[in-house]
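J.: A structural model of the following input is requested.
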Amino acid sequence: MIALRKIGYTPYTRRNDPTFVPKPMRITPRSESREALNALSLAMAANCDYNPESAYPFEVMCSAEDLAKAMGVLHVYDDGRKAYDIALNALNVLDELKYCIIQREIDPDVGQNKPMRIWLTPEFFLSRGMTIEEVRSLLHKFRQWAIKHGLTEGLKRKYERHLLRMARFGIDIDDRHSLKNMLKKVRRQVVSPELLNDKNAVVIDLGAHLDKLNRTQKSQRDNKPNKRPFYQAFIKWSTGGQVATHQVINLQMSLTSERPELLNTDSETFYRILLERAGII
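T.: Below you'll find the predicted structure:
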């Protein structure tokens, strides 16, 4: 914080402006700024996803508006317009400090570019006096606690609902390769190697089991006797290019008009008669 204030803040809207020069600030921030940063940090930590099995850990599972509401800085005007500049400015400061990763998109409700997805970084926890090993231990203990209380499936469903809600807004990171790389780096830093190895081993075992099932099913299909020989012969003849399509249709319509119930009651006899009339058998 001190180093950043010595250099000066850069607003998000001016980060790509080469002419902007940040102004150095006094080292000690105002009490209002400290209170806003503390309140925002507590709100993000309270709504963070600590499940190490999530694709990208430490995602804040609520919107910036909800964070502002938790901070007590959400202002709603008489016309329904909402403002929470204090929360947005505090988010920009944490972003500059590398304490969080923010994906900004157009908010479909107001048509403005706003933070839509937020992830905490290891630096967020390190700035609170924790070490990387303690962060890994935190995730491991959270996972053990969830397993003990039977909450793993509920956490997975909650994460899936969150991703589905983001998808409905048209927000994803499939084409954000630099963002995905940053999030993967965070995952490698905080998820213990033992857990990653266990997960990879489970994936390998599941893959081998699925391959075995596929081979078994294929073998059963190959060894299974053909119970519909006339139907298979008809399909092979009608689609093999040996006869015009209109001739096949005329044969089917003629037999259907003569015996309309035959296809539903005895389909093999129906196709056998078609093949006989076509001179195939």
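J.: can you report how many residues neighbour F58?
T.: The burial count assigned to F58 is 27, neighbours taken as other CB atoms under 10 Å. Quick note: C-beta positions are derived from backbone N, CA and C, even for glycine.
J.: tell me the contacts of it?
T.: Residues in contact with F58 (CB atoms under 8 Å, 6 or more residues apart in numbering) are C48, D49, Y50, W119, L120, T121, F124, V186, V190.
J.: what about the closest residue in space to A64 that isn't next to it in sequence, which SS state?
T.: Residue nearest to A64 in three dimensions, not counting chain neighbours: P115, with 4.7 Å by CB to CB, 6 or more residues apart in numbering. On the three-state scheme (DSSP: H, G, I helix; E, B strand; the rest coil), P115 is labelled strand.
J.: pretty sure P115 is touching A87, no?
T.: No - using CB atoms under 8 Å, P115 is not in contact with A87, being 9.3 Å away.
J.: which neighbours do the two have in common?
T.: A64.
J.: of these two, who's got more company?
T.: For P115 and A87, the more surrounded residue by other CB under 10 Å is A87, and the numbers stand at 25 against 22.
J.: the more buried one against D66, yeah?
T.: No - with contact defined as CB under 8 Å, A87 does not reach D66; the gap is 9.7 Å.
J.: just the contacts of F58: which are in helices?
T.: Among these, the members found in helices (DSSP state H) are F124, V186, V190.
J.: enumerate every residue touching the last one.
T.: Read that as V190. P52, P57, F58, P122, I132, V135, R136, L139.
J.: swap in 10 Å and give it another go.
T.: Shown in contact with V190 (CB atoms under 10 Å, 6 or more residues apart in numbering): 50, 52, 57-58, 120-122, 125, 132, 135-136, 138-139.
J.: so what pLDDT did it get?
T.: Note on V190: pLDDT of 85.
J.: give me the distance from stretch 120-138 to the chain's centre.
T.: Mean-position distance between stretch 120-138 and its chain equals 24 Å (CA atoms, centre = their mean, to the nearest Å).
J.: buried members of the contacts of F58 into PyMOL, please.
T.: PyMOL command restricting the contacts of F58 to the buried ones, with burial defined by 16 or more other CB atoms under 10 Å:
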select buried, resi 48+49+50+119+120+121+124+186+190
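J.: dump the contacts of F58 to JSON lines, plus distance to E32.
T.: Shown next, in JSON lines, are the contacts of F58 (distance: CB to CB, whole Å):
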{"residue": "C48", "distance to E32": "24"}
{"residue": "D49", "distance to E32": "29"}
{"residue": "Y50", "distance to E32": "30"}
{"residue": "W119", "distance to E32": "26"}
{"residue": "L120", "distance to E32": "23"}
{"residue": "T121", "distance to E32": "25"}
{"residue": "F124", "distance to E32": "21"}
{"residue": "V186", "distance to E32": "30"}
{"residue": "V190", "distance to E32": "32"}
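J.: now do the helices in the protein.
T.: According to DSSP H, the helices that the chain contains are 2-7, 31-46, 64-71, 85-96, 122-126, 132-148, 152-168, 177-190, 193-223, 229-238, 245-258, 262-265, 267-277.
J.: so what's the residue nearest to Y159 when sequence neighbours are not counted up against?
T.: In space, and not counting its chain neighbours, Y159 is closest to S54: 5.4 Å by CB to CB, 6+ apart. Taking CB under 10 Å, 6+ apart, we find S54 in contact with M61, L155, K156, K158, Y159, E160, H162, L163, R187, V191.
J.: count the neighbours of the fourth one for me.
T.: To tie it back to what came earlier, the one meant is K158. With other CB under 10 Å as criterion, K158 counts 15.
J.: state the pLDDT value of the residue lying closest to it once chain neighbours are set aside.
T.: Closest residue to K158 apart from its sequence neighbours, by CB to CB, 6+ apart: M61 at 7.3 Å. On the pLDDT scale, M61 is placed at 93.
J.: hang on, M61 packs against E160?
T.: No - counting by CB atoms under 10 Å, M61 stays clear of E160, with 11.7 Å between them.
J.: just want to know which of the two has more residues nearby.
T.: M61 (17 against 11).
J.: relative to D79, how far out is the more buried one?
T.: 29 Å (CB to CB, to the nearest Å).
J.: wait, M44 sits on F125?
T.: No - using CB under 10 Å, M44 is not in contact with F125, being 11.3 Å away.
J.: higher neighbour count, the two?
T.: Looking at M44 and F125 with other CB under 10 Å, you find the greater number of neighbours at M44, namely 25 against 19.
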